[in-house]
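> Just a sequence and a predicted model for now, questions to come.
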Amino acid sequence: MSAIAGLTSCDWALLARLINNIFIKRVTLNMSEDMYWQLCLKIIFFFFPCTLIGHELWIDTTDFRVEKDTEINLNLRNGENFDGFSLGYFDRSVEKLYWRQNGNQFNNTSRQGDIPALKIVPDENGLVTAVYVSKPSIIKYKEFKKFKNFAIAKHSQRAIDFHLNNNFPKENFSEIYTRYSKALLGVGGAKGSDKANDLELELIALQNPYTDDISSGIEILTLYQGKPQAFTTLNVFERSNADLRVNSYVVKSDEKGIAKIKVENDNAYLIDNVILRPANDKLLKDKGVIWESLWAALTFGVIRANGL
């Protein structure tokens with residue numbers, strides 16, 4: 001699911017000028033066509049982070065476990081299969097971006113365009129939780145097929161049936177979406193536990209991946225509007241620290257909203273859950289959208305974990 005939307009005429013002019021300048025100079029720079037288009041995409045992601053819609057959006061870092069007083073670079077990444085581009089920090093696309101440790105909350109001090117979007121230097125030991133909430137963005141579907149493919153990928157046959165049974169338009173309709181992403185990092189002894197952050201959709205690790213025995217797996221609780229989400233589907237992406245190879249699979253939560261995920265040492269994990277629901281009357285009236293999606297993501301590392 002990808003789109004470019006919401007650009008002003010000034011945005012389009014700036015974007016066109018940048019890409020045209022690169023096109024003119026690509027021969028001088030001995031740039032291949034593939035390199036040219038990759039650079040163009042990076043420019044779009046950097047200057048217009050809320051305009052390109054990939055699949056997952058997660059908080060990523062190179063080291064999920066560090067010692068205190070170490071600078072940690074936290075990137076907002078947009079892509080799929082645990083691989084994507086780093087997005088710059090821009091107020092217009094960020095609703096919240098902060099980190100918590102030992103009961104204290106620290107707001108971001110990022111400047112416009114910063115990559116990574118958040119840098120932190122914890123001066124205490126303990127589990128760190130980084131939290132990102134996007135401002136709502138809108139995507140327009142020109143045809144029903146793209147919406148259907150998205151709904152299938154996110155395990156929402158119910159949305160497809162609802163769309164058809166209610167005679168929703170088959171073309172030129174819109175969806176509004178919001179991202180809720182978290183990352184868990186171990187600092188020093190890494191003691192602490194993941195807690196709810198009052199997000200509309202949130203994934204919570206019921207064990208600390210850096211201190212608890214997770215030899216039989218780690219339990220993930222899905223909360224939707226503060227309540228456990230029973231029998232919901234979670235996408236799991238497992239990335240090897242050694243060769244960056246990614247494995248993916250699907251799990252379902254039980255009647256208590258908890259899913260158990262098998263983990264292995266020296267891997268990073270991205271867990272993703274999406275809720276797709278009809279837009280309420282206010283959104284339909286104010287924004288002209290008929291669908292709304294909520295995206296939750298949780299990342300953490302498994303490094304010399306207990307029992308593994």
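Received the coordinates, thanks.
> how about the helices in this structure?
Ranges of helices in the chain, per DSSP state H, are 9-25, 33-47, 144-153, 157-165, 281-287.
> Report the buried residues of the shortest one.
Applying a neighbour-count criterion of 16 or more other Cβ atoms under 10 Å, one finds L283 buried in helix 281-287. From N, CA and C alone the C-beta is placed, and that goes for glycine too.
> How far away from the center of its chain is that helix?
25 Å (Cα atoms, centre = their mean, to the nearest Å).
> I'd like to know which elements it is packed against.
strand 173-187 (3 or more Cβ pairs under 8 Å, 6 or more residues apart in numbering; DSSP states H and E).
> hang on, isn't I138 packed against F173?
No: if you go by Cβ atoms under 8 Å, I138 and F173 don't touch, sitting 10.9 Å apart.
> Quick check: neighbours shared by the two?
V289 (Cβ atoms under 8 Å, 6 or more residues apart in numbering).
> now the closest residue to R65 other than its chain neighbours, which residues is it bridged with?
Nearest non-adjacent residue to R65, counting by Cβ to Cβ, 6 or more residues apart in numbering: G186, 4.1 Å away. Legend: beta-bridge partners of G186 under DSSP bridges are R65, L127.
> Give me the pLDDT for G186.
On the pLDDT scale, G186 is placed at 97.
> list the contacts for it?
With Cβ under 8 Å, 6+ apart, G186 has these contacts: F64, R65, V66, L127, V128, N208, P209, Y210, T211, G301, I303.
> Looking at those, which one is closest to L97?
V128 (13.7 Å; Cβ to Cβ).
> what's the burial count for that closest one?
V128 is flanked by 24 other residues according to other Cβ atoms under 10 Å.
> which residues touch it?
I72, W99, R100, Q101, I120, P122, L184, L185, G186, V187.
> With the flanking residues excluded, which residue is spatially nearest to it?
Nearest non-adjacent residue to V128 (Cβ to Cβ, 6+ apart): L185, at 4.3 Å.
> give the contact list for the one you found.
Neighbours of L185 in contact, by Cβ under 8 Å, 6+ apart: T61, F64, R65, V66, I72, L127, V128, T129, A130, F300, G301.
> Spatially central residue in the chain, please.
Centroid check for the chain by Cα atoms, centre = their mean gives L57 as the closest residue, at 2.1 Å.
> Distance-wise, check the nearest residue to G192 once chain neighbours are set aside relative to A190.
Nearest non-adjacent residue to G192, counting by Cβ to Cβ, 6+ apart: L127, 3.2 Å away. Distance of L127 to A190, given as Cβ to Cβ, to the nearest Å: 5 Å.
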